[in-house]
Each structure stands twice: as C-alpha cells, then as structure tokens.
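Novice: After the sequence you'll find the predicted model.
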Amino acid sequence: MWEKNSIKEVLYSEEDIRKRAGELGRQITEDYKNSGKPLLLVALLRGSVPFLGELIRCIDMDIQYDFMDVSSYAGTKSTGDIRIIKDLDTSVKGLDILLVEDIVDTGRTIAEVVKTLKHKGAESVRIVTLLDKPSRRTTDIYADYIGFTVPDAFVVGFGMDYDQKFRCLPYIGVLKDEVYSNEE
Ligand code: IMP
Ligand code: MG
C-alpha cells in the first residue's frame, strides 16, 4: 500500500473510529434530544469532514450542519488569533452549537471559534473532537466530547493531514519522523 512507508504505527482502525463515533453520537442525542431547540453542528474545514460524516449517522435527531474554515495565523482580517477564511452561512443566534473538530492541540483555534460564536449570539457552544492532545494545550479550553486522547505525536489520516497529504487514509496513524526530514 502506498502509505506504508510513511506510517510508523496505526493508532485507531476504521472500525475503532466507527465504534467510537457511534458512542459519541448516542451520547450527544441523549444530551440534546429534550432541549426543544435546533442543534447546529459547525464543522471546521477540512480535517473534521470524515468525522462529521460518521457522527451525523449516529445522532438520532433532526440536526443541521454548516462549515467554517479558519486559519490559526493572524492575518489582515484576523479575529483575535484566527483568520476566518470561510464563515458560516447559517445564523447562530439563539442556537445550540456543537463544534466538530478533528484534533484539539494547543486549543487556540477552537478557543477563538468559541469566542466568535458566542459573540454572534449562540445560546450554547460545546465541542466534539475526534482526537484530543492535552499535553500540548496552551489554553484552558477542553472538549465536551472526545473520541480518543492521543500522546504528543503527529498523527494523520481520517481527515488529518501533513502538508495536505494522508487525509484520505481510513485509519489514524503516526507519521514516521523521516517524512518530515525528507521535506526539508
Ligand atoms: P490548535 O489550534 O493548536 O488546537 O490546532 C488544531 C489544528 O491543528 C487541528 O484542527 C489540526 O488541523 C491541526 N493539528 C494539530 N495537531 C495535528 C496532528 O497531529 N496532525 C494533523 N493536524 C494537526
Ligand atoms: Mg483543523
């Protein structure tokens, strides 16, 4: 297989991810089904797309979803630390929001997005992330729903990339060190 020379270790198989997404979907359904308000899932492009796909199959409510694309680098139109590349098409005023992330690392991206959504009048904002890397956290933000907690290693697959590569792998794996050094 083409990727075998680049992946050091498989952390979570396709089956592991499906199973965990199912558990999270059922938990989310339990938590929101009696709220009486619409639930809007806001997925951050591009890494969270495969996870969103798994998750929405397992949420047993009439939810809606929309997308945002943000860059963590401050630019000319920066909102705090992030630049909004694609904003939501949906108004968040009065809605319960569930932010969908691939991985929370330092937490800076998600912290800024939460701030932005609250500023725009969201009723509540919670976070679901496929992976959490708490050892790298520099903010005091934590996800409400976590797929798996991972050690401090660079992971790819199931939406997550290195230089736009490896997003399409059906599993999550750790990248071999030489993949980085070869790029230099
Ligand atoms: P944060 O703002 O530091 O929490 O960064 C979060 C974003 O960085 C994630 O949404 C990913 O796009 C990217 N990221 C962080 N760690 C990894 C990793 O191990 N593999 C791939 N992408 C990562
Ligand atoms: Mg991301």
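Specialist: Cool, the structure landed. Numbers count the residues shown, from 1 in each chain. Ligands and ions are numbered 1, 2, ... in the order given.
Novice: Close to ligand 1: what parts of this protein are there?
Specialist: Residues of the chain lying close to ligand 1 (CB under 6 Å from any ligand atom) are 47, 72, 101-110, 154-156, 160. Backbone N, C-alpha and C define where each C-beta goes, glycine included.
Novice: what helix or strand is residue 85 on?
Specialist: In the assignment (DSSP states H and E), residue 85 maps to strand 82-86.
Novice: Which strands border that strand, and is each parallel or antiparallel?
Specialist: Sheet pairing for strand 82-86, assigned by DSSP bridges, gives strand 64-71 (antiparallel), strand 78-79 (antiparallel).
Novice: got the contact list for the nearest residue to residue 37 once chain neighbours are set aside?
Specialist: Of all residues not flanking residue 37 in the chain, residue 96 sits nearest, at 5.4 Å (CB to CB, 6 or more residues apart in numbering). Residues in contact with residue 96, defined by CB atoms under 8 Å, 6 or more residues apart in numbering, are 32, 35, 37-40, 122-124, 126.
Novice: mind checking how far residue 96 is from residue 31?
Specialist: To residue 31, residue 96 is 10 Å away according to CB to CB, to the nearest Å.
Novice: Ok, residue 116 next?
Specialist: Residue 116 is 23 Å from residue 31, by CB to CB.
Novice: and the two? which has more neighbours close in?
Specialist: In this view residue 116 and residue 31 are compared by other CB atoms under 10 Å, and residue 116 has more residues nearby, 20 against 15.
Novice: element containing the more buried one?
Specialist: helix 108-119.
Novice: So for the next helix or strand after that helix, mean pLDDT?
Specialist: Remark: after helix 108-119, the chain's next helix or strand is strand 124-132, criterion DSSP H and E. Taken as a whole, strand 124-132 has a mean pLDDT of 98.
Novice: quick one: contacts of strand 124-132?
Specialist: Strand 124-132 has contacts (CB under 8 Å, 6+ apart) with 17, 21, 24, 28, 48, 51, 55, 96-104, 110, 114, 117-118, 141-150, 155, 158-160, 172.
Novice: Strands along this structure, start to end?
Specialist: Residue ranges of the strands in the chain, as given by DSSP state E, are 7-12, 39-44, 64-71, 78-79, 82-86, 96-104, 124-132, 145-149, 155-156, 172-175.
Novice: Considering those, which stretch scores lowest in mean pLDDT?
Specialist: Confidence, taken as mean pLDDT, is least for strand 78-79 of those (a mean of 42).
Novice: Now the helix ranked longest in the chain: buried residues?
Specialist: For the chain, the longest helix by residue count, based on DSSP state H, is helix 14-32. Neighbour counts over helix 14-32 (16 or more other CB atoms under 10 Å) mark 17, 20-21, 24-25, 28, 32 as buried.
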